[in-house]
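Student: My questions are about this predicted structure, shown below with the sequence.
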Amino acid sequence: MGYEITLIPGDGIGPEITAASLKVLDATGLKFSWDRQLGGMAAIASAGGPLPEATLASIRRTHLALKGPLTTPVGEGFRSVNVALRREFELFANLRPARTIVPGGRYDGIDIVLVRENLEGLYVGQERWVERDGDAHGQAESVAVVTRRGSERVIRYAFEYALTHGRKNVTLVHKANILKLTSGLFLDVGREVAAEYAGRVAMNELIVDNCAMQLVMRPEQFDVIVTTNLFGDILSDEISGLVGGLGLAPGGNIGAHGAIFEAVHGSAPDIAGKGIANPSALILAAAMMLDYLGEAAAGDRVRRAIVATIVADRVRTRDLGGTATTEEFGDAVARRVA
Ligand code: NAI
Ligand code: MG
């Protein structure tokens, strides 16, 4: 039977990178029973909506999903299915590790884990139009919600992660100088939690704009970063750029009762269907999923196989300067795992 996991191939490059990831997972020798479900654009056509009840029911049963990217229309149209899934299963921590794989790039030796609060802030979706200057759409407003409980659990998650992974420092990123209540609460709670870990894990505080600059100037100073939803969204894309781009950046959405693993990147419509996407981000997300399942040895094998394929075998997709197709790259990694 093996591990029962919900599989959502997703939109755009999703099906291509999912196929490659499944081959790599099979090569570990572990047994998986995949419950394939629809989500996003793919679901609208055949299931009538972007987040079908069958998909939700599957995750309620398995408590675990591997998910390809889902397209979200910009501006108008349905709200993000990704955000809806995080909310439905209370996946409060978004874990996004980034590590240098290809040596000799602009930055070497990057090893940063960003923990993003995944449910609150400006992503609660409380937006509205207000009349202004006689124009019904003359003003737009958005509410940011930060709670003590939500802040505490994600900050505690970051400290516990640091402790169990032998990391020494957590940087709390905020904007409490301007957003005195919302960002201020997050910072206050951070100081309280940090006091409990004194002598084991250190915390330092950084204002988000300075953090964005420091990441480019001296990324090696960062270890674990914990921050609110929007800042985490932006900084994690920036951090992925330090290690070779979105094609190499995995993520996990983790809650008390379940988890969804996915790439940081989106559906990449510009290269979808061409067979050239880099499946590494989703494969690395699958490796995080193996860790989560208590199969850390298999997770390590997958991570080592990615590094060996890219560095020693020099098999690379186009985003990394190579010519390998998604399938060729996935097959090469699978051979290294087996
Ligand atoms: P994107 O991440 O899809 O693409 C940004 C750039 O990176 C593009 O040039 C793309 O070709 C490249 N890229 C991304 N992944 C790659 C890979 N694996 N290999 C090689 N190149 C890669 O971001 P974009 O274009 O802003 O968003 C497209 C759609 O994806 C939108 O509808 C957005 O809402 C959605 N999205 C979904 C996410 C999710 O499902 N978790 C996360 C981010 C965006
Ligand atoms: Mg993002």
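Tutor: Yes, it's here. Numbering: from 1, shown residues only. Ligands and ions are numbered 1, 2, ... in the order given.
Student: Could you pick out the longest helix of the protein?
Tutor: Assignment by DSSP state H gives helix 148-164 as the longest helix of the chain.
Student: continuing past that helix, what's the next helix or strand?
Tutor: Sequence-wise, the next helix or strand downstream of helix 148-164 (DSSP states H and E) is strand 169-174.
Student: From the contact counts, what lies against the longest helix of the chain?
Tutor: Applying 3 or more Cβ pairs under 8 Å, 6 or more residues apart in numbering; DSSP states H and E, one finds that helix 148-164 contacts strand 93-99, strand 111-117, strand 169-174, helix 182-196, strand 224-227. (Each C-beta comes from the backbone N, C-alpha and C, glycine too.)
Student: so what's Phe89 up against?
Tutor: Applying Cβ atoms under 8 Å, 6 or more residues apart in numbering, we find Phe89 in contact with Ile59, His63, Asn253, Gly255, His257, Gly258, Ile260.
Student: List just the nearest of these to Leu70.
Tutor: Taking Cβ to Cβ as the measure, Leu70 lies nearest Ile260 of the contacts of Phe89, at 11.1 Å.
Student: Could you count how many residues lie near the closest one?
Tutor: 25 (other Cβ atoms under 10 Å).
Student: Over to Phe222?
Tutor: 25.
Student: what do you get for the one 4 residues further on?
Tutor: Here the count is done by other Cβ under 10 Å, and Val226 has 29 residues near it.
Student: and the end-to-end length of stretch 275-284?
Tutor: Stretch 275-284 has an end-to-end distance of 19 Å (Cα to Cα, to the nearest Å).
Student: Test of understanding: give the bridge partners of Ala263.
Tutor: Pro250 (DSSP bridges).
Student: my read: it touches Leu248, true?
Tutor: No: under the criterion of Cβ atoms under 8 Å, Ala263 makes no contact with Leu248, lying 9.2 Å away.
Student: about what we covered before: which one in the contacts of Phe89 is the model shakiest on?
Tutor: Among the contacts of Phe89, His257 has the lowest pLDDT, at 89.
Student: nearest residue to that one other than its sequence neighbours?
Tutor: Nearest residue to His257 in three dimensions, chain neighbours excluded: His63, at 6.0 Å (Cβ to Cβ, 6 or more residues apart in numbering).
Student: Hmm, that neighbour is touching Ala259, no?
Tutor: Yes: with contact defined as Cβ under 8 Å, His63 reaches Ala259; the gap is 7.5 Å.
Student: More neighbours: those two, which one.
Tutor: Ala259 (22 against 15).
Student: Can you list phi and psi of that one for me?
Tutor: Main-chain torsions, Ala259, degrees, to the nearest 10: phi -160, psi 150.
Student: contacting residues for it?
Tutor: Contacts of Ala259 by Cβ under 8 Å, 6+ apart are His63, Leu64, Ala65, Leu91, Gly252, Asn253, Met289, Tyr292.
Student: Now intersect those with the helices, please.
Tutor: Met289, Tyr292.
Student: closest to Ser33 among the contacts of Ala259?
Tutor: Closest approach to Ser33 among the contacts of Ala259 (Cβ to Cβ): Leu64, at 11.3 Å.
Student: ok, how many other residues are close to that closest one?
Tutor: By the criterion of other Cβ under 10 Å, Leu64 has 20 neighbours.
Student: same deal with Ala84?
Tutor: Applying other Cβ under 10 Å, we find 17 residues neighbouring Ala84.
Student: can you check Ile13 too?
Tutor: Ile13: 29 neighbours (other Cβ under 10 Å).
Student: Could you list the low-confidence segments of the stretch 101-250 of the chain?
Tutor: The stretch 101-250 of the chain contains no residues with pLDDT under 70.
Student: Would you mind listing what in it touches ligand 1?
Tutor: Contact residues, the stretch 101-250 of the chain versus ligand 1 (Cβ under 6 Å from any ligand atom): Leu246, Gly247.
Student: Any idea which residue of the stretch 101-250 of the chain lies closest to ligand 1?
Tutor: With Cβ to the nearest ligand atom as the measure, Gly247 is the residue of the stretch 101-250 of the chain nearest to ligand 1, at 3.7 Å.
Student: Which one of the contacts of Phe89 is nearest to Gly134?
Tutor: Using Cβ to Cβ, the contacts of Phe89 come closest to Gly134 at Asn253, 43.2 Å.
Student: Glu262 is in contact with the closest one, correct?
Tutor: Yes: using Cβ under 8 Å as the test, Asn253 is close enough to Glu262 to be in contact (7.2 Å).
Student: What are the buried residues along stretch 264-274?
Tutor: Val264, His265, Gly266, Ser267, Ala268, Ile271, Ala272 (16 or more other Cβ atoms under 10 Å).
Student: Redo these as TSV? Include pLDDT.
Tutor: Shown next, in TSV, are those (pLDDT from 0 to 100):
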residue	pLDDT
Val264	91
His265	93
Gly266	94
Ser267	96
Ala268	97
Ile271	98
Ala272	97
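Student: ok, and which of those reach ligand 1?
Tutor: Contacts with ligand 1 within those, counted by Cβ under 6 Å from any ligand atom: His265, Gly266, Ser267, Ala268, Ile271.
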